[in-house]
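Participant: need a 3D model of the sequence below.
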Amino acid sequence: MNGVFIDSNIFLKILEGDITTKNMLLKLNSEKKLFRNTIVYSEVLYVFLRLSTGKKSFEIKKIPELIRSKCPQLKKVSSLLEIAENLSITTAVEKISADFIQEYGLLPNDALIASNLQTLRDKENRHTGQ
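Facilitator: Numbers count the residues shown, from 1 in each chain. Below you'll find the predicted structure:
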């Protein structure tokens, strides 16, 4: 793969103020194509909401105005996530993820990420004739 998949923990470290991780991501972005998927997007926004409100998800769900009050910060978080290209989770990716769950005992989100990467690698190999 001619790029780097950026998992949610990298984005979260940057949001926590980790300058070393931020600089590493900026350097990577100047050298390689960066990728993420919708799972990463969701995980980062979810953890940000939990940490910034101090509430659990079942509490946050009951207070939509609290979520709305975080929209300016959520837009900044979304802007950070946009540094990486979003890999679509297609039906084919879902089917591969089911195989990964069964074969490797992965959790669903991890299997979706792995199958996204497998699909991208296969597409690149077909493109380069490998």
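
Participant: run through the helices of this structure in chain order.
Facilitator: 8-15, 19-31, 38-53, 57-60, 64-69, 71-81, 91-104, 108-128 (DSSP state H).

Participant: Asn2: which of the ones you listed is closest?
Facilitator: helix 108-128 (6.7 Å; Cβ to Cβ). Heads up, the C-betas are built off the backbone N, CA and C, glycines and all.

Participant: tell me the angle that closest one makes with helix 91-104.
Facilitator: Helix 108-128 runs at 120 degrees relative to helix 91-104, counting by axes from the mean of the first three to the mean of the last three Cα atoms, to 10 degrees.

Participant: dump helix 108-128 to CSV, restricted to CA.
Facilitator: Below are the C-alpha coordinates for helix 108-128, written out as CSV (Å, rounded to 0.1, in the frame of the first residue of the first chain):
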residue,chain,number,x,y,z
PRO,A,108,-16.1,-6.1,14.2
ASN,A,109,-14.6,-2.7,14.0
ASP,A,110,-11.1,-4.1,13.8
ALA,A,111,-12.2,-6.6,11.1
LEU,A,112,-13.7,-3.7,9.1
ILE,A,113,-10.5,-1.8,9.3
ALA,A,114,-8.4,-4.8,8.3
SER,A,115,-10.8,-5.7,5.4
ASN,A,116,-10.6,-2.1,4.2
LEU,A,117,-6.8,-2.4,4.0
GLN,A,118,-7.0,-5.8,2.4
THR,A,119,-9.4,-4.4,-0.3
LEU,A,120,-7.1,-1.4,-0.9
ARG,A,121,-4.0,-3.6,-1.2
ASP,A,122,-5.8,-5.9,-3.6
LYS,A,123,-6.9,-2.9,-5.7
GLU,A,124,-3.4,-1.5,-5.8
ASN,A,125,-1.9,-4.9,-6.8
ARG,A,126,-4.4,-5.2,-9.7
HIS,A,127,-3.5,-1.7,-10.8
THR,A,128,0.2,-2.4,-10.7
